[in-house]
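Q: Sharing a model that was predicted from the sequence below.
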Amino acid sequence: MPTYDYKCENCDHTFETLQTMSAEHLKTCPECKKESLKRLIGAGAGLLFKGSGFYQTDYRSKSYNSDKKKDKKPSENKKQS
Ligand SMILES: [Zn+2]
């Protein structure tokens, strides 16, 4: 069962909870009882990704880094010449 991090936008209360993939997202903050919860994906990262966008971003960053290495050599050549 995956764990999900929630953060309350009203009182900044953050907590982790175990939920099934199909479970409804929590809305009500256990601290201030307001419906201000936002689900965080990525424990402790403080980053907000939505659904498949997380995986797309992860894939893109890997290919971006490898492209960066390839780009490094030509740019060094430019400086030398
Ligand atoms: Zn709250």
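A: Noted; the coordinates are in hand. Residues are numbered from 1 along each chain as shown.
Q: And for residue 25, the neighbour number?
A: As a burial measure, residue 25 scores 10 neighbours (other C-beta atoms under 10 Å). Where C-beta positions appear, they are placed from N, C-alpha and C, glycine not excepted.
Q: does it really touch residue 38, like I thought?
A: No: judged on C-beta atoms under 8 Å, residue 25 makes no contact with residue 38 at a distance of 9.2 Å.
Q: At the contact with the ion, which residues of this protein appear?
A: Selection of the chain residues close to the ion by C-beta under 5 Å from the ion yields 8, 10-11, 13, 29, 31-32.
Q: Would you mind listing which of these are buried?
A: Neighbour-count burial within those applies to 8, 29; the criterion is 16 or more other C-beta atoms under 10 Å.
Q: who touches residue 3 in this structure?
A: The contact partners of residue 3, taken as C-beta atoms under 8 Å, 6 or more residues apart in numbering, are 16-19, 43.
Q: Need phi/psi at it.
A: With angles defined as degrees, to the nearest 10, residue 3 sits at phi -100, psi 150.
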